[in-house]
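# Sequence first, predicted coordinates after that:
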Amino acid sequence: MPMNTVMIYEVKSSAAANAKLHLDRENDFFYWSETRFKKLQTGDFVFVVNKVGGFLLFTQLDKTGIPAAYDTINQISTFVDEGKSFEIDGEWKRFVRLKILQEKPTPPGWKWKSLGNSETTYLLKEKFVLTENNILRARNILEVFQEEGSPAHQLLTQLLGGEKGWAVGLQNAAMIAQVLTAIQTKPFLLLAGISGTGKSRLVRTLAYKTCWKKELRKAQPANYALIPVRPNWHDSSELLGYVSRISGEPQYVTTKLLRFLVEAWKHQEVPFFLCLDEMNLAPVEQYFAEFLSILETRRSQDGEVLSDPILSLDAFTSSVVFENLLRDLAVEEGSALWTNFVENGIALPPNLVVMGTVNMDETTHSFSRKVLDRAMTFEMNQVDLEAGLEGGTLDWAYPDVFIPFEAVVGPYTSAAAVYPRLGVAGEQIINYLKQVNQILNHTPFKVAYRVRDEFLIYAYHKSQSSEKLNWCDEAIDEMTSMKILSRIEGDENRTGEILEEFRTLFEEQYPQSFAKVEEMIRKLQSGYTSFWS
């Protein structure tokens, strides 16, 4: 869809009744006074919001300068177009005609961010002008125009997530786009690579680029937390806290992670990024066991992503201790959040993204398949020594246009929700995974339903963000590296034949996976190979 000027026009309550009189549904036209549209050109887009009248229009400016005659006695302006006569109270000289591309009723309880004293605002005028309020308004309108592929949905998605907006000024924008697709699929990433390649920096960059709420914008975004993992962590107490009786009365010792989770619950419209730095300095399966288990309870229900509680009242011998914990976490007593935590426990916020940085050397622990199955593994070993020397990087700065929430937090947790939408691509992925499992037959590396679901969900998000004809091949290639090759390790007897068969499978269609297999085969010369550098 061409990126013409895009305006929002809000019909105020005093004019809501007149707005219905200026709908020509037979010809799909809407007429209005030219006064507010003087800066537009034919072909520009206008969203007409009439909340009081109960309808929302997505239109395109079709005709300008329609003359009107003013009746001074009745104080009515009249004009004629396409053989039809229209009238409006007051003196108006000229009208415009807007071609209705889509019309929707406003849904019950729809929360519209009003334009206030103004009647118009621009979403796009030569460049993106998505201020904080306009991001909210664009999302409000997107809630109404939900049909994927429809003109309004297509334009709003492009505005909120197009690379002309949030990607401007970012280094490695293509890589960040791939990371975002991985997060939409499963909000638990392992960023693997040699030291100094910018793994933890990437997490903070994403926090800056998504922190559109002013109250969260500080020297360091409040939607970001860095927790360095220590080698002596062997249980979850450092992350989830514990009950102490040192003072006599039982008291729950809270943690930075719990405070961060509560803040994420308070600001569910903003992605919250938790960076576990040097995640494998300690055995992940021990200190992160609860999270790994709760992660698998994520489910989509009535448009929300829910999970089981990671900490609940049932686990406490006294409700007083739990309630004191909530007070310590600055949860307002009697608030909706307080009630939710008391009744349901503290679950994983739907907007939480956990990203662990990983270095593989003699000081670290390897990952079990339990961890790898639950994570999206992203490799960051590419080093461009000339990058960043020119200055002016905007990675750690609040942008004019923020990465939209929808480009980070995915709504799907089950492949059943996306498989029908993938069509032939879904069949291609299933057939590909069957080939993979034939190669992995009689090995501990075979993939099952979890990997299948994540392949399909990833491919769906890829289809929504990529304009390339071979997007499905790219999705398979990227997911193969993240979810299949990361599982394979061992000596020649265990992996040699598998890797050779994969090399044949990948050679024609999947360059990223082919390059990684070549690297793993070369490593076998030392007697052992794995995905990890």
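The structure has been received and is ready for your questions. Numbering: from 1, shown residues only.
# need the contact list for residue 188.
Applying C-beta atoms under 8 Å, 6 or more residues apart in numbering, we find residue 188 in contact with 295, 353, 354, 355, 356, 374, 375, 376. C-beta here means a position set from N, CA and C on the backbone, and glycine is covered the same way.
# go on, residue 447?
Residue 447 is in contact with 433, 436, 437, 440, 483, 484, 487, counting by C-beta under 8 Å, 6+ apart.
# any idea how far residue 150 is from the fourth one?
Read it as residue 440. 41 Å (C-beta to C-beta, to the nearest Å).
# likewise the second one?
Computed with C-beta to C-beta, the distance linking residue 436 and residue 150 is 36 Å.
# Comparing these two, which shows the higher neighbour count?
It is residue 436, of residue 436 and residue 150, that has more neighbours when counted by other C-beta atoms under 10 Å, with 22 against 15.
# quick check, the more buried one in a strand?
No: membership of residue 436 in a strand is not supported by DSSP: H, G, I helix; E, B strand; the rest coil, which gives helix.
# ok, it touching residue 487?
No: the pair residue 436 / residue 487 is not scored as a contact, 10.7 Å apart, by C-beta atoms under 8 Å.
# List the buried residues in whatever helix or strand residue 159 lives in.
Per DSSP states H and E: residue 159 is located in helix 151-161. Within helix 151-161, the residues scored as buried using 16 or more other C-beta atoms under 10 Å are 152, 153, 155, 156, 157, 158, 159, 160, 161.
# May I have the residues that are in contact with the fifth one?
So that's residue 157. 142, 406, 464.
# and these as a markdown table, adding neighbour count, pLDDT and distance to residue 118?
Converted to a markdown table, those look like this (neighbours: other C-beta atoms under 10 Å; pLDDT from 0 to 100; distance: C-beta to C-beta, whole Å):
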| residue | neighbour count | pLDDT | distance to residue 118 |
| --- | --- | --- | --- |
| 142 | 18 | 88 | 21 |
| 406 | 16 | 83 | 26 |
| 464 | 17 | 81 | 32 |
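# List phi and psi for residue 180.
Here is the backbone geometry of residue 180 (degrees, to the nearest 10): phi -60, psi -40.
# my read: it touches residue 405, true?
No: Residue 180 lies out of contact with residue 405 (C-beta under 8 Å); the separation is 11.2 Å.
# Comparing those two, which shows the higher neighbour count?
The residue with more neighbours, out of residue 180 and residue 405, is residue 180; 24 against 18, by other C-beta under 10 Å.
# and which of the buried residues of helix 151-161 is nearest residue 214?
Residue 214 lies nearest to residue 160 out of the buried residues of helix 151-161, by C-beta to C-beta, at 18.4 Å.
# Can you get me a residue count around the closest residue to that closest one other than its chain neighbours?
Distances taken as C-beta to C-beta, 6 or more residues apart in numbering place residue 404 nearest to residue 160, at 3.8 Å, with adjacent residues excluded. A count of nearby residues for residue 404, using other C-beta under 10 Å, gives 24.
# Equivalent analysis for residue 80, please.
Counted by other C-beta under 10 Å, the residues lying close to residue 80 total 12.
# Give me the buried stretch members for the helix or strand containing it, please.
Assigning secondary structure by DSSP H and E places residue 80 in strand 76-81. Buried positions in strand 76-81, judged by neighbour count with 16+ other C-beta under 10 Å: 76, 77, 79, 81.
# surely the second one meets residue 67?
Read that as residue 77. No: the pair residue 77 and residue 67 fails to qualify as a contact (C-beta under 8 Å) at a distance of 10.0 Å.
# list residues touching both of these two?
With contacts taken as C-beta under 8 Å, 6+ apart, the residues that reach both residue 77 and residue 67 are residue 93.
# all strands for the stretch 1-150 of the chain, in order.
6-10, 23-24, 29-33, 45-50, 55-67, 69-71, 76-81, 84-89, 94-105, 120-125, 127-128 (DSSP state E, counting those that start in this stretch).
# who does the second one pair up with?
According to DSSP bridges, strand 23-24 has the following sheet partners: strand 29-33 (antiparallel).
# Residues contacting the strand it pairs with, please?
With C-beta under 8 Å, 6+ apart as the test, strand 29-33 has contacts from 9, 19, 22-24, 48, 57, 59, 62, 66, 79, 81-82, 86, 88, 92, 94-100.
# Leaving out the residues flanking it, which one is nearest to residue 80?
Distances taken as C-beta to C-beta, 6+ apart place residue 86 nearest to residue 80, at 7.5 Å, with adjacent residues excluded.
# List the contacts of the residue nearest the centre of the chain.
Centroid-nearest residue in the chain, with C-alpha atoms, centre = their mean: residue 408, separated by 1.6 Å. By C-beta under 8 Å, 6+ apart, the contact list for residue 408 reads 180, 183, 184, 206, 210, 271, 353.
# and if we set it to 7 Å?
Listed by C-beta atoms under 7 Å, 6 or more residues apart in numbering, the contact set of residue 408 reads 180, 183, 184, 210, 271, 353.
# And the pLDDT for the fifth one?
This points to residue 271. For residue 271, the pLDDT comes out at 96.
# what's the neighbour count on it?
The number of residues packed near residue 271 is 29, by other C-beta under 10 Å.
# I'd assumed residue 223 was in contact with it.
Yes: when contacts are counted by C-beta atoms under 7 Å, residue 271 is listed as touching residue 223 (6.5 Å).
# what's the overlap in contacts for those two?
Jointly contacting residue 271 and residue 223 under the rule C-beta under 7 Å, 6+ apart are residue 210.
# circling back to that earlier point, quick check: closest non-adjacent residue to the residue nearest to the centre of the chain.
Closest residue to residue 408 apart from its sequence neighbours, by C-beta to C-beta, 6+ apart: residue 271 at 4.4 Å.
# possible to save the contacts of residue 157 as TSV with distance to residue 233?
Below are the contacts of residue 157 laid out as TSV (distance: C-beta to C-beta, whole Å):
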residue	distance to residue 233
142	42
406	35
464	38
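# now residue 243, which residues is it bridged with?
Here residue 243 sits in beta bridges with residue 252, going by DSSP bridges.
# Could you measure from it over to residue 110?
Residue 243 sits 45 Å away from residue 110, going by C-beta to C-beta.
# what sits against residue 443?
Residues near residue 443 by C-beta under 7 Å, 6+ apart: residue 498.
# Extract the residue ranges of this structure that are flagged as low pLDDT.
For the chain, applying pLDDT under 70 flags the ranges 1-3, 126-132, 161-173, 362-363, 381-394, 400, 467, 533.
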